[in-house]
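K.L.:
Build the 3D model from these lines:
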Amino acid sequence: MTPFFFGYGSLVNRATHDYPNAHHATASGWRREWRHTHHRQAAFLTAVPCPNSRIDGLMAQVPNNDWLALDDREYAYQRIAASDDITHTLGAQTDVSIYAIETGDHHTPTQDHPILLSYLGTVVQGYLNEFGQDGVTAFFDTTSGWDAPILDDRHAPIYPRSQNLTRIETGLLESHMQRLSCLVTQL
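P.N.:
Next up, the predicted model:
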């Protein structure tokens, strides 16, 4: 069986990776949440079990079954078998995993462990490119933790795979943050 992973954050932005055979997919029984773990300085997205929720994302093939490279990129997460949770259009039986922070190893983001706006912008750009404006709205609506502090590092990005946003992408990002009354602090 060909192995795939399900991405629901920065992995939705194809500019952050070169994984082949990427397709739209939906994970049922999962929700995104902003969390902090001792494995990283900044807060980031994790998938958490949530019976009546679903999130859209991309599933992509793991080249040459080489989980090590992907595990290295996703080092703060554990890889969880999720084939039964993922709906996709491939038709063939696939082995799909999702990355999530280990239960009990994540905490509410703080001023010392904020969301990086460079990371959030990269995620939003990916959702806009893949799912349009409705997909961006769904991303914000199916993610918990918007009361976390957000550090505006756009002029000196801390996130290593940060992408430059267009004015339209920046406006869309800012309108959703305003709608959710997000607290943004300057670097």
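
K.L.:
Can you check which strand is longest in this structure?
P.N.:
Using DSSP state E, we find that the single longest strand of the chain is strand 44-61.

K.L.:
next helix or strand past that one?
P.N.:
helix 67-73 (DSSP states H and E).

K.L.:
Show me what counts as buried in that next one.
P.N.:
In terms of neighbour count (16 or more other C-beta atoms under 10 Å), helix 67-73 has its buried residues at Leu70, Asp71, Arg73. C-beta: built from backbone N, CA, C; applies to glycine.

K.L.:
between the residues you listed, which is nearest Ile150?
P.N.:
Ranked by distance to Ile150 (C-beta to C-beta), the buried residues of helix 67-73 are led by Arg73 at 22.7 Å.

K.L.:
And the pLDDT for the nearest residue to that closest one once chain neighbours are set aside?
P.N.:
Spatial nearest neighbour of Arg73, chain neighbours left out: His17 (7.9 Å); criterion: C-beta to C-beta, 6 or more residues apart in numbering. You'll see His17 listed with a pLDDT of 87.

K.L.:
Next, count neighbours for His17.
P.N.:
18 (other C-beta atoms under 10 Å).

K.L.:
Please apply the same query to the one 3 residues further on.
P.N.:
Neighbour count of Pro20, defined by other C-beta under 10 Å: 9.

K.L.:
ok, now which ones touch it?
P.N.:
Contacts for Pro20 (C-beta atoms under 8 Å, 6 or more residues apart in numbering) come out as Ala60, Gln61, Pro63.
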